[in-house]
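Visitor: sharing a model that was predicted from the sequence below.
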Amino acid sequence: DVIERLQTFAKLYGCVKYFHPSDEAAELDWDAFAIYGAKRIIESDASTDFISLLEELFDPIAPTMEIIQSKSVSKSNIFFSKDNYEEGSNIVRWIHIGDGQFTKSGRYKSYRETISLKSIEDQNIEKICIQINKKQVAIIPTVLQVDEGKTVPITDGKNAKNLENLLDISRSNYIKSNDKPYFAIGNIVNAWSSVKYFYPYFSYKESIDWNNHLIKTLESVLTKSEVNTSASLSRFLSFLNDAHIKVGSPNKKLSFPGVSLDMVENQVIVEYTNDDLLMLKGAKIKKVDGEDIYTLLQKELPLQSFGVKERGDYMALRSLMGKTFGKPSALEMELPSGRDTTVTFFHWESYSRYNKLGSASHEDIDLVDKSEDLVYLNLTKLRNAAFKESLQKLKSTKSYIIDLRGYPTFEGDHIENFIGFFMNEIDTADWLFIPRVSEPRTKKKPEFQYNGSKWKVDHSYSGGDSKIYVIINHKAISYEESNLGYFKKKE
């Protein structure tokens, strides 16, 4: 069954890519290999010896991987043993700090760690055991011996060269094949392996049936003769419910019109516009380029990964509004006056400017003293000098409204310098703890490595016992969550 074969390939792919430390695996173009492997499996038939195909694919990069009979599995062949190595030798294993994308420097990085054989305990290093079928399993070592700076055993050079030539051909056909099922599945296998081992929301990750989700996606893609790879990958990743996830081509830059749309009370409206089109603010959108806006949204929403519905609506609208630079979009709308009109916008804005429409920076006010009971603070517009001048009066204020829409900064700096005013106790919270992953255990939380960053809150002032109200929106949810963490003990 081709689904079962692709599922097995995906399991082997992720384990060998991230945890088998051979020189050959470290140097492989894994993107090309995922697509090439998916193609070979899809094009094979029932008469193809699947075990031989797997060995042909993986022997050049993982020569110590074994496929054995399930009944032969025992502690002796699934646990690392010092007895198999010369005394005084060194071994190597993968260490991933963060996302497992093999970058060599920075906060997120991957490297192969060389350690002496005598420094480890046998029982701490278990080989990877993957069920191939009812009768056979694959055994993949996660450590290898190093001899004169090279991992051993060294693979057959001829086989490795042949695989590299085949991957060159695969790369050269990317543009011709990006609507083929095997191209989409290669990308899905790649993404599945990455999020399975490195998605950082561990309590959620542990509840996911990874195999079932992969199977459903493979079945969906294989029913089509032509596939939109970007849409397939987006739909596949949407189950993670994380709005940080975006799918697109690094070579395809999108531009946006000078108008920001939002969903308000189940209607798509013009939220903000450039200054010369202010009369459109509040208009209800009916169609985009002749198509009903709500029909378009129903198609686009399943392609978005999000945690709250408002964020999903925003992302779907953003996706609909993104086009090639200079392209037009005709928006049919009902103006606040009740009159229908069609306005054509050209896509000349960058995403960063489009995203700022509707943020606090578009309010004209910085600090509004409504009374001693209530003060509004716009961090994007508020200057430190003006803030300090008002401190004495602010200290007696009973309630504050803090505007966190968009990504506000306090005089161009992180807003922790401002937050200290409201804190009653010292809080220099450590943040950005990064997972340190060295084994493929999706049900086990990894170690964490602290990256040295702190939000150093200035406690020169005290906000007393005032109440704090916060204006947020769905354009910067994680940023707002990070800042609101400082207020978690306050009302």
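Guide: Here it is on my side, so go on. Numbers count the residues shown, from 1 in each chain.

Visitor: surely Gln304 and Leu320 touch.
Guide: No - Gln304 is not in contact with Leu320 according to Cβ atoms under 8 Å; the separation is 10.9 Å. To be clear about C-beta, it is placed using only N, CA and C from the backbone, and glycine gets the same treatment.

Visitor: who's more crowded, the two?
Guide: The neighbour count for Gln304 versus Leu320, taken as other Cβ atoms under 10 Å, is higher for Gln304 (24 against 19).

Visitor: ok, now which ones touch that one?
Guide: Gln304 is in contact with 234, 238, 243, 312, 315-316, 319, counting by Cβ atoms under 8 Å, 6 or more residues apart in numbering.

Visitor: now name the helix or strand holding the closest residue to it other than its chain neighbours.
Guide: Ranked by Cβ to Cβ, 6 or more residues apart in numbering and with sequence neighbours excluded, the top spatial neighbour of Gln304 is Met315, at 4.4 Å. Per DSSP states H and E: Met315 is located in helix 309-321.

Visitor: then Ala32?
Guide: Counting by DSSP H and E, Ala32 is found in helix 30-43.

Visitor: what helices or strands is that helix leaning on?
Guide: Helix 30-43 is packed against helix 2-19, helix 50-58, helix 157-172, helix 181-198, with contacts defined by 3 or more Cβ pairs under 8 Å, 6 or more residues apart in numbering; DSSP states H and E.

Visitor: can you point out the buried residues in that helix?
Guide: Buried residues in helix 30-43, counted by 16 or more other Cβ atoms under 10 Å: 30, 32-42.

Visitor: what do you get for stretch 284-293?
Guide: So for stretch 284-293, counting by 16+ other Cβ under 10 Å, buried means 284-288, 293.

Visitor: returning to that earlier point: after the helix holding Met315 comes which helix or strand?
Guide: For helix 309-321, the succeeding helix or strand toward the C-terminus, using DSSP H and E, is strand 328-334.

Visitor: report the next helix or strand after that following strand in sequence order.
Guide: Strand 328-334 is succeeded, C-terminally, by strand 340-346 (DSSP H and E).

Visitor: angle of that next one against strand 328-334?
Guide: Orientation check (axes from the mean of the first three to the mean of the last three Cα atoms, to 10 degrees): strand 340-346 against strand 328-334 gives 160 degrees.

Visitor: give me the residues contacting strand 340-346.
Guide: For strand 340-346, contacts defined as Cβ under 8 Å, 6+ apart pick out 257-259, 277, 280, 286, 326-335.

Visitor: pLDDT for the contacts of Gln304 - can I get that in TSV?
Guide: Formatted as TSV, the contacts of Gln304 follow (pLDDT from 0 to 100):
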residue	pLDDT
Ser234	93
Ser238	93
Ala243	86
Gly312	92
Met315	90
Ala316	93
Ser319	90
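
Visitor: contacts for stretch 232-243, please.
Guide: With Cβ under 8 Å, 6+ apart, stretch 232-243 has contacts from 184, 187-188, 191-192, 195, 199, 201, 204, 208, 213, 217, 220-221, 245, 247, 302-307, 311-312, 315, 477-478.

Visitor: on that earlier part again, can you flag the buried ones in the contacts of strand 340-346?
Guide: Buried by 16+ other Cβ under 10 Å: 257-259, 277, 280, 286, 329, 331-335, out of these.

Visitor: least confident of those residues?
Guide: pLDDT across the buried ones among the contacts of strand 340-346 is lowest for Leu277, at 79.

Visitor: just to check, it is in contact with Val259?
Guide: Yes - using Cβ under 8 Å, Leu277 makes contact with Val259 at a distance of 6.8 Å.

Visitor: average pLDDT for the helix or strand containing Ile68?
Guide: When elements are defined using DSSP H and E, Ile68 is found to belong to strand 66-69. Across strand 66-69, the average pLDDT comes to 90.

Visitor: nearest to Glu439, of the contacts of Gln304?
Guide: Nearest to Glu439 among the contacts of Gln304: Ser238, at 28.0 Å, using Cβ to Cβ.

Visitor: run a quick neighbour tally on that closest one.
Guide: Using other Cβ under 10 Å, Ser238 is surrounded by 18 other residues.

Visitor: please begin residue numbering at 32 from this point
Guide: New numbering, starting at 32: the last item is Ser269.

Visitor: got a list of what Leu435 touches?
Guide: 391, 410, 501-503, 507, 510-511, 514-515.

Visitor: point out where the stretch 282-431 of the chain drops to low pLDDT.
Guide: 306, 386-403, 414-426 (pLDDT under 70).

Visitor: which stretches in it count as helices?
Guide: 324-331, 340-352, 382-387, 415-420, 422-425 (DSSP state H, counting those that start in this stretch).

Visitor: quick check, central residue of this structure?
Guide: Most central in the chain under Cα atoms, centre = their mean is Ile276, positioned 4.2 Å from the mean C-alpha point.

Visitor: could you report the distance from that residue to Phe270?
Guide: Noted for Ile276: a distance of 10 Å to Phe270, by Cβ to Cβ, to the nearest Å.

Visitor: any shared contact partners between the two?
Guide: With Cβ under 8 Å, 6+ apart as the test, Ile276 and Phe270 both reach Ser336.

Visitor: ok so, going back, from the contacts of Leu435, pick the one nearest Pro439.
Guide: Nearest to Pro439 out of those is Leu410 (Cβ to Cβ; 4.0 Å).

Visitor: Glu118: neighbouring residues, count only.
Guide: 8.

Visitor: residues contacting it?
Guide: Here Glu118 is in contact with 148-149 (criterion: Cβ under 8 Å, 6+ apart).

Visitor: just checking, it is part of a helix?
Guide: No - under DSSP: H, G, I helix; E, B strand; the rest coil, Glu118 sits outside any helix and is assigned coil.

Visitor: state the distance from it to Glu97.
Guide: Glu118 is 24 Å from Glu97, by Cβ to Cβ.

Visitor: equivalent analysis for Thr182, please.
Guide: With Cβ to Cβ as the criterion, Thr182 and Glu97 are 16 Å apart.

Visitor: these two: which has the busier surroundings?
Guide: Shown here are Thr182 and Glu97; by other Cβ under 10 Å, Thr182 has more neighbours (23 against 15).

Visitor: helix, strand or coil for that one?
Guide: The three-state assignment at Thr182 reads strand, by three-state DSSP.

Visitor: chain neighbours aside, what residue packs nearest to it?
Guide: Distances taken as Cβ to Cβ, 6+ apart place Leu175 nearest to Thr182, at 4.5 Å, with adjacent residues excluded.

Visitor: bridging residues for the one you found?
Guide: Val123 (DSSP bridges).

Visitor: and the one helix or strand Pro466 maps to, what does it pack onto?
Guide: Using DSSP H and E, Pro466 falls within strand 464-468. Packing partners of strand 464-468 (3+ Cβ pairs under 8 Å, 6+ apart): strand 121-128, helix 212-229, strand 478-481.

Visitor: mind putting these into a markdown table with mean neighbour count?
Guide: Shown next, in a markdown table, are these (neighbours: other Cβ atoms under 10 Å):
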| stretch | mean neighbour count |
| --- | --- |
| strand 121-128 | 20 |
| helix 212-229 | 23 |
| strand 478-481 | 12 |
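
Visitor: and of these, who's closest to Asn259?
Guide: helix 212-229 (7.9 Å).
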